[in-house]
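>>> Structural data only, the sequence is not supplied:
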């Protein structure tokens, strides 16, 4: 990527879910060994990447997540765009549609879909995904480790109309399964499978000191 071709990829952080598996605790508010909320580490790593803009989709307990996040933002990067998914209780696809709608309205060339409960995904991997997309403009870029696909997933703007038609709680998995050679697969480390969405995993997160 050169100054003549600025990045047009927006990151979309899905942070609107009900966090049922860790209830009554909200996983995104869980703090690591340094006292930093999970959502803050996730967002800081994304903002440190080459993305043009970071869009955070909020829903359940939106005010608490907002208040936990804001003190930890890095002032060297533009503040994120916060959007609310009014139908966030209808499944992951509802939050995804809200985020894609915001990216499309801002004329993004691609959308990097990130999960709020995956704070260990390294900034360098996000940059690799963006560079891979900018090099050949596939319809999507996915990451894989140990024979399994993980997160995040990058979607070219050509796929936005289909993403906006998604329903249910499966997100875009079915759409990925239908894609052929226009899907670019990248190798990655185990962090792409490291989510923190159970009480046991939150205990594990509380012992970590992830850098960002």
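Nice, I can see it. Fair warning: this is a prediction, and the values are worked out from it, not measured in the lab.
>>> Tell me the first helix or strand C-terminal of the helix or strand containing residue 42.
Counting by DSSP states H and E, the element that carries residue 42 is helix 38-47. The helix or strand immediately downstream of helix 38-47 is strand 53-58, counting by DSSP H and E.
>>> if we can go back for a sec, show me the contact partners of the helix holding residue 42.
With Cβ atoms under 8 Å, 6 or more residues apart in numbering as the test, helix 38-47 has contacts from 11, 13, 15, 27-32, 54, 56, 65, 68-69, 72-74, 77-78, 80, 112, 114-119, 121-123, 126, 196, 205, 210, 212. Bear in mind the C-beta positions are built from the backbone N, C-alpha and C, glycine included.
>>> check contacts around residue 48.
74, 77, 123, 212.
>>> if we can go back for a sec, now which of the contacts of helix 38-47 would you call buried?
11, 13, 15, 27-30, 32, 54, 56, 65, 68-69, 73, 77, 80, 112, 114-119, 121-123, 126, 196, 205, 210, 212 (16 or more other Cβ atoms under 10 Å).
>>> out of those residues, which are inside helices?
Mapping those onto helices (DSSP state H) picks out 65, 68-69, 123, 126, 205.
>>> Please report how far the residue nearest the centre of the chain lies from residue 123.
In the chain, the C-alpha closest to the average C-alpha coordinate belongs to residue 114, at a distance of 1.1 Å (Cα atoms, centre = their mean). Between residue 114 and residue 123 the computed distance is 11 Å (Cβ to Cβ, to the nearest Å).
>>> Model confidence score at residue 1, please.
Residue 1 is assigned 47 on the pLDDT scale.
>>> What residues does the residue lying closest to residue 79 once chain neighbours are set aside make contact with?
Of all residues beyond its chain neighbours, the one nearest residue 79 is residue 73 (6.5 Å), with distances taken as Cβ to Cβ, 6 or more residues apart in numbering. Residue 73 makes contact with 40, 43-44, 47, 79-80, according to Cβ under 8 Å, 6+ apart.
>>> hmm, 10 Å instead?
By Cβ atoms under 10 Å, 6 or more residues apart in numbering, the contact set of residue 73 is 40, 43-44, 47, 54, 79-80.
>>> Find the nearest non-adjacent residue to residue 148, please.
In space, and not counting its chain neighbours, residue 148 is closest to residue 193: 6.7 Å by Cβ to Cβ, 6+ apart.
>>> okay but that neighbour is in contact with residue 151, surely?
Yes: Residue 193 lies in contact with residue 151 (Cβ atoms under 10 Å); the separation is 8.2 Å.
>>> Quickly list what's touching both of the two.
Taking Cβ under 10 Å, 6+ apart as the criterion, residue 193 and residue 151 both touch 118, 121, 143.
>>> For this protein, which helix or strand comes out least confident on mean pLDDT?
helix 173-178 (a mean of 88; mean pLDDT, DSSP states H and E).
>>> gap between that one and the chain center?
Offset of helix 173-178 from its chain centre (Cα atoms, centre = their mean, to the nearest Å): 18 Å.
>>> Quick check: buried residues in the next helix or strand along the chain from it?
Proceeding N to C from helix 173-178, the next assigned helix or strand is strand 183-187, under DSSP H and E. Buried positions in strand 183-187, judged by neighbour count with 16+ other Cβ under 10 Å: residue 184.
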